[in-house]
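J.: need a structure here:
(2 chains)
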Amino acid sequence: MREPTYYILAALLDGPMHGYAIIKHAAQASGGRVNLAVGTLYGALDRLAGEGRVAVDREETVEGRTRRYYRLTELGRQALLEEAARMQHAAGIVTRRLATPIAGLA
Amino acid sequence: MSAAPAVLRRRYRRLLAVYPSDWRAANETVVLDTLLEAAGPTRRWPPLRETLALLAGGVGAWTRRLRPDADDRGRRWLDGLHVGAMLLALWSFAAALGQLVSWVGHGFRDVSGNVPAYDGSAAAFGSMVAVLAAVTFVSLLRGRVRVALVAVVVWVLAGVLWAIIAYREGTAVDGLVIGPAMAVGLTVAGALPLLAVLAVLAWRGGARSRSWAWLLVPAALAIAFAWAPAALAVVVMVSLVGLVAALALAVVTGEVRPAVALAVVGLPWILGTALAVLVAPAAAALAVSALAGWGALRTRHGPGPGRTAGGPAEGPAPQNDA
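T.: Okay, here's the model as predicted:
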């Protein structure tokens, strides 16, 4: 799973969210690293909807702006949790190793 | 205050023209509003980053539209087989007609060099092939696969009869002496690709009615056969280049129709140039039957209700106003 996809799905853990809110959430959660362009976001959302990982929740018009809310599907939640577990495992390999002093060095 | 967003909105809308129209109908308002929200109130030009992302997104949307969903893949394969069968029938029609035309034009002399004793009986057989190939083509054009299948069976039987009569004593063709048994074998093997494709189409119900504009193709092919061998070479070259391009298209987007259609038509040709004259028809029959069989396998669960091609991903119908 690519990083933008991960952050998009992660944003939707908080509940249904519209496009611009997802962009802001991803930027904030990644410490400004993942700064999604709008075209990229909707391309990813189209793809994820096609894969059944997100779904359109509803549309609302707020202050003259049409907002489409997306929500995470069960399939999307599962994929996200698997990816998180995979990364946690990968990180654990390094962090556990660093926590144990290497014999003969020091 | 509202001038800048209006200008920016117009510019963004122009960029969104790179997306497919049905994508725009479903998403344009939402995406434009998000773009404007992200841009802030004073910006007048789209930032480079957004511009590039929208252009890439447009390409992506077109690619996704071409990429068939699971239900659609087998259907497209059958579509490709259908067009391939039509082109095969056309090819035979044009060949028979072209021979007849050149025969009439040259005053009853054998100018083809491939047919023994190109006389009245050969001309009668040629005319019949032309008529049967035309019937096959028009039946396929109208989606009547069973009628086409009957026409091809009659055509093969006539070919077998002709082979027995014309090659009774062994006739030299291209330096090879062909007797009746071999002539019958070659005739049947030559017809197998078309028969295999039609059988699968009849079995899977895989043919719809197509535009009469297809009739322009036989006219062009017949002219190429009769009067312009160079044009024929161009047709073959364009088909080969087209096949390579179609394979690339199939790999990248999953749109298999052009590749399957061109393979059905092109495989007998390609194998004919690569293999000996006695092996090529059998190899082509095998190869095209494999293509057709794969189409049958892919539609094993029957033609489902979802036959529409492409379109944006699932999700409730968008409500653009509120």
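J.: buried residues in the helix ranked longest in chain A?
T.: What stands out as the longest helix in chain A, according to DSSP state H, is helix A:74-99. For helix A:74-99, a neighbour-count test (16 or more other C-beta atoms under 10 Å in any protein chain shown) marks A:76, A:79-80 as buried. Where you see a C-beta, it was placed from the backbone N, CA and C, and this is true even at glycine.
J.: Among these, which one sits closest to residue B:238?
T.: Taking C-beta to C-beta as the measure, residue A:79 is the one of the buried residues of helix A:74-99 closest to residue B:238, at 44.8 Å.
J.: ok, the residue nearest to that closest one when sequence neighbours are not counted - how many residues close by?
T.: Distances taken as C-beta to C-beta, 6 or more residues apart in numbering or on different chains place residue A:53 nearest to residue A:79, at 5.8 Å, with adjacent residues excluded. Number of residues near residue A:53 (other C-beta atoms under 10 Å in any protein chain shown) recorded here: 23.
J.: who's in contact with residue A:53?
T.: Counting by C-beta atoms under 8 Å, 6 or more residues apart in numbering or on different chains, residue A:53 makes contact with A:9, A:72-73, A:75-76, A:79.
J.: For it, grab phi and psi.
T.: Main-chain dihedrals, residue A:53, degrees, to the nearest 10: phi -90, psi -20.
J.: do residue A:15 as well
T.: phi 120, psi 170.
J.: mind listing the strands for chain A?
T.: Listed in chain order, the strands of chain A (DSSP state E) span A:17-18, A:54-62, A:65-72.
J.: Return the most buried member of the ones you listed.
T.: Mean neighbour count (mean count of other C-beta atoms under 10 Å in any protein chain shown) peaks for strand A:17-18 among the strands of chain A, with a mean of 22.
J.: same question for that one, mean pLDDT?
T.: Mean per-residue pLDDT for strand A:17-18: 96.
J.: Need the contact partners of it.
T.: A:11, A:25, A:60, A:67-71, B:34.
J.: returning to what we had before: what is the longest helix of chain A packed up against?
T.: If you count contacts as 3 or more C-beta pairs under 8 Å, 6 or more residues apart in numbering or on different chains; DSSP states H and E, helix A:74-99 packs onto helix A:3-11.
J.: residues from chain A in reach of chain B?
T.: Residues of chain A found near chain B (C-beta under 8 Å from any C-beta of the partner chain) are A:18-20, A:23, A:37-43, A:46-47, A:49-50, A:52, A:55-56, A:59-61, A:65-68.
J.: now the angle from the longest helix of chain A to strand A:65-72?
T.: Helix A:74-99 runs at 70 degrees relative to strand A:65-72, counting by axes from the mean of the first three to the mean of the last three C-alpha atoms, to 10 degrees.
J.: got any ranges where chain A has weak pLDDT?
T.: Residue ranges of chain A with pLDDT under 70: A:102-106.
J.: just to revisit the earlier point, format the contacts of strand A:17-18 as JSON lines; extra columns: distance to residue B:13.
T.: Formatted as JSON lines, the contacts of strand A:17-18 follow (distance: C-beta to C-beta, whole Å):
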{"residue": "A:11", "distance to residue B:13": "27"}
{"residue": "A:25", "distance to residue B:13": "27"}
{"residue": "A:60", "distance to residue B:13": "22"}
{"residue": "A:67", "distance to residue B:13": "18"}
{"residue": "A:68", "distance to residue B:13": "17"}
{"residue": "A:69", "distance to residue B:13": "23"}
{"residue": "A:70", "distance to residue B:13": "23"}
{"residue": "A:71", "distance to residue B:13": "28"}
{"residue": "B:34", "distance to residue B:13": "13"}
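J.: what bits of the stretch 1-150 of chain B have low per-residue confidence?
T.: Using pLDDT under 70, the stretch 1-150 of chain B drops low at B:1-2, B:68-71, B:98, B:101-121.
J.: for chain A, what are the nearby residues on it?
T.: Counting by C-beta under 8 Å from any C-beta, the stretch 1-150 of chain B comes close to chain A at B:27, B:29-31, B:33-38, B:49-50, B:52-58, B:60-61, B:64.
J.: which among these end up buried?
T.: Applying 16+ other C-beta under 10 Å to the residues of the stretch 1-150 of chain B next to chain A flags B:27, B:29-31, B:33-38, B:50, B:53-54, B:57-58, B:60-61, B:64 as buried.
J.: now, which of the residues you listed lie within helices?
T.: Taking DSSP H, the ones among those that sit in helices are B:27, B:29-31, B:33-38, B:50, B:53-54, B:57-58, B:60-61, B:64.
J.: tell me the contacts of residue 80?
T.: Since no chain was named, I'll use chain A. Residue A:80 sits next to A:6, A:9-10, A:13, A:72 when contact means C-beta under 8 Å, 6+ apart.
J.: that answer is for a different chain, and I need it for chain B
T.: Taking C-beta under 8 Å, 6+ apart, one finds B:256-261, B:263-264, B:295 in contact with residue B:80.
J.: which one of the residues you listed is nearest chain A?
T.: Checking the contacts of residue B:80 against chain A by C-beta to the nearest C-beta gives residue B:256 as the nearest, at 18.7 Å.
J.: Any idea how many residues pack against that closest one?
T.: Neighbours of residue B:256 under the rule other C-beta under 10 Å: 23.
J.: Excluding chain neighbours, give the residue nearest to it in space.
T.: Nearest to residue B:256 is residue B:250, by C-beta to C-beta, 6+ apart, at 4.7 Å.
J.: quick one: the one you found and residue B:259 touch, right?
T.: Yes - here residue B:250 reaches residue B:259: they are 4.3 Å apart, a contact under C-beta atoms under 8 Å.
J.: More neighbours: those two, which one.
T.: Ranked by neighbour count (other C-beta under 10 Å), residue B:250 and residue B:259 place residue B:259 first, with 24 against 19.
J.: Pull the contacting residues for the more buried one.
T.: Under the criterion of C-beta under 8 Å, 6+ apart, the neighbours of residue B:259 are B:80, B:243, B:246-247, B:249-250.
J.: Now the helix or strand containing it: buried residues?
T.: Per DSSP states H and E, residue B:259 falls inside helix B:257-274. For helix B:257-274, the neighbour count (16+ other C-beta under 10 Å) marks B:257-272 as buried.
J.: which ones are touching the nearest residue to residue A:15 once chain neighbours are set aside?
T.: Excluding the flanking residues, the one nearest residue A:15 by C-beta to C-beta, 6+ apart is residue A:71, at 7.2 Å. Residues near residue A:71 by C-beta under 8 Å, 6+ apart: A:12, A:15-17, A:54-57.
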